[in-house]
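Participant: quick one, what's the 3D model for this:
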Amino acid sequence: MIRTFYNYYLSPEKELAKNLKSVLGFVPNNIRLFKLAFFHKSMNNSEVRSKSNNNERLEYLGDSVLSTIVAEYLYKKYPGRDEGFLTKMRSKIVKRKTLNKVAEKMGIDIILSRYTQGKMSYSMLGNAFEALIGALYIEYGYEKTKNYVIAKILMKYLDVHELERSDDNYKSQLLEWGQKEGRQVSYKLVSKYKLDKRDRFKIAVFLDGEKICHAEDFNKKSAEQIASSTALKNLNIRRIQ
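Facilitator: Reported below is the predicted structural model:
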């Protein structure tokens, strides 16, 4: 209680504490830990000086914790559904596109922009979100983090039943179409280069060994999805939104 009072009213990071309260609904004790969640490795910021002084490690931890929480949540929510359905639903929830949207709704972009002197990409939102989950886990443990994520994030910012009806995994759709039609669909990393101090991936889609399209993004999986969406359109295959 004393620590949160200090963080909110007296700490040099009191502005961050107020922003965190707006995003999380409370002020955490370890402000430095939560501050680290918003330092992406590509940021042009004097405070990001080493590999250990960015949110990669927290993001790694948060990704694993979030995946476990979502898996348990879905297991209890859908007692009659099989492993395939649960896996697909978990993938829809923890994928980058969904996490970016959740992070934006929470207001994470407001804090992230404060520490970004370079160009801030949309995918950084999901990275910071996962890092935030990692920070919550370190400070409060699994049970409290699980209860918080379910009550304050999943149930507040996600429409699970809407996700159940939707399918924007274009790569999966394209691969399923290829299997059904007896066509060979494959992906190849054409190039990888630096842009704004970040890795950017160019992915090409091949049909029966012939290149039909390509796409680029800062995330390899995202580039595959964009390329798959284009391929579905070019092949006049109906995409499920």
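Participant: just the buried positions in the host helix or strand of residue 213, please.
Facilitator: Residue 213 is part of strand 210-217, with elements assigned from DSSP states H and E. By 16 or more other CB atoms under 10 Å, the buried positions in strand 210-217 come out as 213-217. The C-beta positions use only the backbone N, C-alpha and C, and glycine is treated the same way.
Participant: got it, and stretch 229-241?
Facilitator: For stretch 229-241, by 16+ other CB under 10 Å, it's 229-232, 235.
Participant: for the chain, which spans come out with low pLDDT?
Facilitator: 43-52, 117-119, 239-241 (pLDDT under 70).
Participant: break it into its domains for me.
Facilitator: As recorded under automatic domain parsing, the domains making up the chain are 2-165, 170-234.
Participant: distance of residue 114 from residue 38?
Facilitator: Computed with CB to CB, to the nearest Å, the distance linking residue 114 and residue 38 is 7 Å.
Participant: of these two, who's got more company?
Facilitator: residue 38 (27 against 13; other CB atoms under 10 Å).
Participant: ok so that one is a strand residue?
Facilitator: No: per DSSP: H, G, I helix; E, B strand; the rest coil, residue 38 lies outside any strand segment and is coil.
Participant: can you pull out the strands in the protein?
Facilitator: If DSSP state E is used as the criterion, the strands of the chain fall at 185-195, 198-207, 210-217.
Participant: from the contact counts, what lies against the last one?
Facilitator: By that I understand strand 210-217. strand 198-207, helix 220-234 (3 or more CB pairs under 8 Å, 6 or more residues apart in numbering; DSSP states H and E).
Participant: each with direction, which strands does that strand pair with?
Facilitator: Strand pairing for strand 210-217, using DSSP bridges, gives strand 198-207 (antiparallel).
Participant: buried sites along the strand it pairs with?
Facilitator: In strand 198-207, counting by 16+ other CB under 10 Å, buried: 198, 200-207.
Participant: can you pull out the helices in the protein?
Facilitator: 2-9, 14-24, 31-36, 56-77, 83-94, 96-106, 108-114, 123-148, 155-157, 160-165, 170-181, 220-234 (DSSP state H).
Participant: closest to residue 225 out of the buried residues of strand 198-207?
Facilitator: residue 203 (9.2 Å; CB to CB).
Participant: ok, the closest one touching residue 227?
Facilitator: Yes: Residue 203 lies in contact with residue 227 (CB atoms under 8 Å); the separation is 5.0 Å.
Participant: now do the shared contacts for the two.
Facilitator: 187, 214-215 (CB atoms under 8 Å, 6 or more residues apart in numbering).
Participant: tabulate these in JSON lines, adding columns for distance to residue 170.
Facilitator: Output for those, formatted as JSON lines (distance: CB to CB, whole Å):
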{"residue": "187", "distance to residue 170": "12"}
{"residue": "214", "distance to residue 170": "14"}
{"residue": "215", "distance to residue 170": "10"}
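Participant: if we can go back for a sec, okay if I get the helices of the chain as JSON lines plus distance to residue 191?
Facilitator: Compiled in JSON lines, these are given as follows (distance: least, CB to CB, whole Å):
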{"stretch": "helix 2-9", "distance to residue 191": "45"}
{"stretch": "helix 14-24", "distance to residue 191": "37"}
{"stretch": "helix 31-36", "distance to residue 191": "32"}
{"stretch": "helix 56-77", "distance to residue 191": "23"}
{"stretch": "helix 83-94", "distance to residue 191": "27"}
{"stretch": "helix 96-106", "distance to residue 191": "21"}
{"stretch": "helix 108-114", "distance to residue 191": "28"}
{"stretch": "helix 123-148", "distance to residue 191": "19"}
{"stretch": "helix 155-157", "distance to residue 191": "36"}
{"stretch": "helix 160-165", "distance to residue 191": "33"}
{"stretch": "helix 170-181", "distance to residue 191": "19"}
{"stretch": "helix 220-234", "distance to residue 191": "11"}
